[in-house]
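1. Got a predicted structure here, sequence first:
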Amino acid sequence: MFAFLKEISSKTLAKIQKTAADLEVHLTHLGYFLIIAFPTFYLINSLFVSPQGYENLPLRLAIGFLGLSLVIRHKWPTILQPLLPFVLYVTLVLSFPFFFFFMLFNNPDSSIWQINVLVGLVVLSLFVKWKESLFLSTLGCFLAWLVFAFTVQNPTLPSNFWQLVIVYISPLVYIAPFFNKNEHIQEEKLASMKMLGGAIAHEMRTPLSAISMIGATLKNSVDDLFESSKNNEPINPDPYLLSVPESIHATTKSAFTIIDMILMNLKDVSDLKARDILSIADCVNDAIQNYPLAEHEQELVHFDSANNFEFMGDKTLFKHVIFNLLKNALYYVLAAGKGGIYITLESGTNENRLIFKDTGLGMPASMVPYVFDRFYSKTQHGTGIGLAFCKSAMQRFKGRITCKAEEGEHTTFILSFPTNDKTS
């Protein structure tokens, strides 16, 4: 039992701290609002709105003081800083549900305070998630009733209190789906950023590690040459030194290609106008030559340029379509330890097609309907943006891309291009 309560309290504390961290950028504005609004409305209510009604200046000043504490939170003593999340929640409960329900109980026939309670609950829901909002609203109402019951004789609820509760709950229930959607969108964005960051780190680690290794080897070789020169010994340069410039060039080219791919995949191509008449064979050859294929990877790629055709598009955009397909295919072929990549062309009356097939792991049939969805990825370091980019690019070319697969056998992407008088 103790362990269960400890776990619950730990999760609650973590949730409170996360909420406080999420609201950090808003706390100063909230503090100034409490400082100004609550004392000011005391004067407005007392002088103009309901001069005969119940008012409570000390309570309003206490809320204003809590607002001041939020404004100057960065000047708190270090020992008090960990208490900020709790002060925030106390402030939210006291300022909105507690205050407005307490004023309603003391002004039971006031339509103004009935409306004010609803305003307070909606404002509270802007700062915390809807479940927390319902809980804090209930807690604030209960505490307000306790204080009210102990400060007046014969305390009674407003005659229409339960009808008001229904009125107050309804808007919160109505807006709950919108809060859920917003939370889901934010969580999805965060997950996507984490996935993209992980993919970038993974992709860049390989070329950076290679450059680091080249640098270490180069340092050792230069040190040996320096010692030989210092001792007037014959200088026998390491043959590796002659290959260093080429190795650095190839590695940096690989890194720049990866960066270009990531930036291109994130680019919005919806406004791009594909106006160049291009040879599909030339574009594919150019993409294969420019993609940083290792020597053993070059042997896996087979391109048959027969049945060449022309299409209207953008060469850079199409090059990155092939880059993405190559990257995915290489992953599955190398993971399977078998197969290869086969690119063929087909000319037709109504459309021309590029067939991009790899005979590696073979994508499961369950994945096929979703491969072009943005951020959908089943690989450890995938981002789920490459194939979505391919789909957008093909749409810019007034074509389409489809996928067929058989698990363990092959994955095939079919790029279809329209035929017309301009490209015939």
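-> That came through fine. This one's a predicted model, so the numbers in the text were calculated from it and none came from an experiment. Numbers count the residues shown, from 1 in each chain.
2. hey, C-alpha coordinates of stretch 130-147 in PDB?
-> What follows is stretch 130-147, C-alpha atoms only, in PDB (Å, rounded to 0.1, in the frame of the first residue of the first chain):
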ATOM      1  CA  TRP A 130      -9.200  19.500 -19.100                       C
ATOM      2  CA  LYS A 131      -9.000  16.600 -16.600                       C
ATOM      3  CA  GLU A 132      -6.900  18.800 -14.200                       C
ATOM      4  CA  SER A 133      -9.300  21.600 -14.800                       C
ATOM      5  CA  LEU A 134     -12.300  19.500 -13.800                       C
ATOM      6  CA  PHE A 135     -10.500  18.300 -10.700                       C
ATOM      7  CA  LEU A 136      -9.200  21.700  -9.600                       C
ATOM      8  CA  SER A 137     -12.700  23.200 -10.200                       C
ATOM      9  CA  THR A 138     -14.300  20.600  -8.000                       C
ATOM     10  CA  LEU A 139     -11.600  21.100  -5.400                       C
ATOM     11  CA  GLY A 140     -11.900  24.900  -5.400                       C
ATOM     12  CA  CYS A 141     -15.700  24.700  -5.200                       C
ATOM     13  CA  PHE A 142     -15.500  22.300  -2.200                       C
ATOM     14  CA  LEU A 143     -12.900  24.500  -0.400                       C
ATOM     15  CA  ALA A 144     -15.000  27.600  -1.100                       C
ATOM     16  CA  TRP A 145     -18.100  25.900   0.500                       C
ATOM     17  CA  LEU A 146     -16.100  24.800   3.600                       C
ATOM     18  CA  VAL A 147     -14.800  28.300   4.200                       C
END
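3. pLDDT averaged over that stretch - what is it?
-> The average pLDDT within stretch 130-147 is 92.
4. so how far is that stretch off the chain centroid?
-> From the chain centre to the centre of stretch 130-147 is a distance of 33 Å (CA atoms, centre = their mean, to the nearest Å).
5. Provide a list of residue ranges in the stretch 151-300 of the chain with pLDDT below threshold.
-> Along the stretch 151-300 of the chain, the parts satisfying pLDDT under 70 run over 175-210, 213-214, 217, 222-247, 249-274.
6. so Leu124 makes contact with Thr138?
-> No. At 11.4 Å, Leu124 does not count as touching Thr138 under the criterion of CB atoms under 8 Å. Just so you know, the C-beta spots here come from the backbone N, C-alpha and C atoms, and that holds for glycine as well.
7. which of those two has more neighbours?
-> Legend: neighbour count by other CB atoms under 10 Å for Leu124 and Thr138, higher for Leu124 (22 against 13).
8. now that one: how far from Lys398?
-> Remark: distance between Leu124 and Lys398 (CB to CB, to the nearest Å) = 51 Å.
9. Which residue ranges of this structure form strands?
-> 276-279, 301-303, 310-313, 341-346, 351-358, 400-406, 410-418 (DSSP state E).
10. got the ones you listed as a markdown table, with distance to Tyr331 columns?
-> Formatted as a markdown table, the strands of the chain follow (distance: least, CB to CB, whole Å):
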| stretch | distance to Tyr331 |
| --- | --- |
| strand 276-279 | 27 |
| strand 301-303 | 14 |
| strand 310-313 | 26 |
| strand 341-346 | 11 |
| strand 351-358 | 9 |
| strand 400-406 | 14 |
| strand 410-418 | 10 |
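11. and those strands as a markdown table, adding mean neighbour count and distance to Trp130?
-> Shown next, in a markdown table, are the strands of the chain (neighbours: other CB atoms under 10 Å; distance: least, CB to CB, whole Å):
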| stretch | mean neighbour count | distance to Trp130 |
| --- | --- | --- |
| strand 276-279 | 15 | 52 |
| strand 301-303 | 15 | 53 |
| strand 310-313 | 22 | 47 |
| strand 341-346 | 19 | 50 |
| strand 351-358 | 21 | 47 |
| strand 400-406 | 17 | 39 |
| strand 410-418 | 20 | 43 |
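12. right, so of those, which gets closest to Thr151?
-> Between Thr151 and the strands of the chain, the tightest spacing by CB to CB is seen for strand 400-406, at 70.4 Å.
13. Export the closest one to CSV, keeping only CA atoms.
-> Taking Å, rounded to 0.1, in the frame of the first residue of the first chain, the C-alpha atoms of strand 400-406 are listed here in CSV:
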residue,chain,number,x,y,z
ARG,A,400,1.8,9.3,-58.7
ILE,A,401,3.8,6.8,-56.7
THR,A,402,2.5,3.4,-55.5
CYS,A,403,3.9,0.5,-53.5
LYS,A,404,3.7,-3.2,-53.8
ALA,A,405,5.5,-5.6,-51.5
GLU,A,406,5.8,-9.3,-50.5
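14. just the helices in this structure please.
-> 2-22, 24-44, 57-71, 84-93, 99-106, 111-125, 130-151, 161-230, 239-265, 280-290, 295-298, 315-336, 386-396 (DSSP state H).
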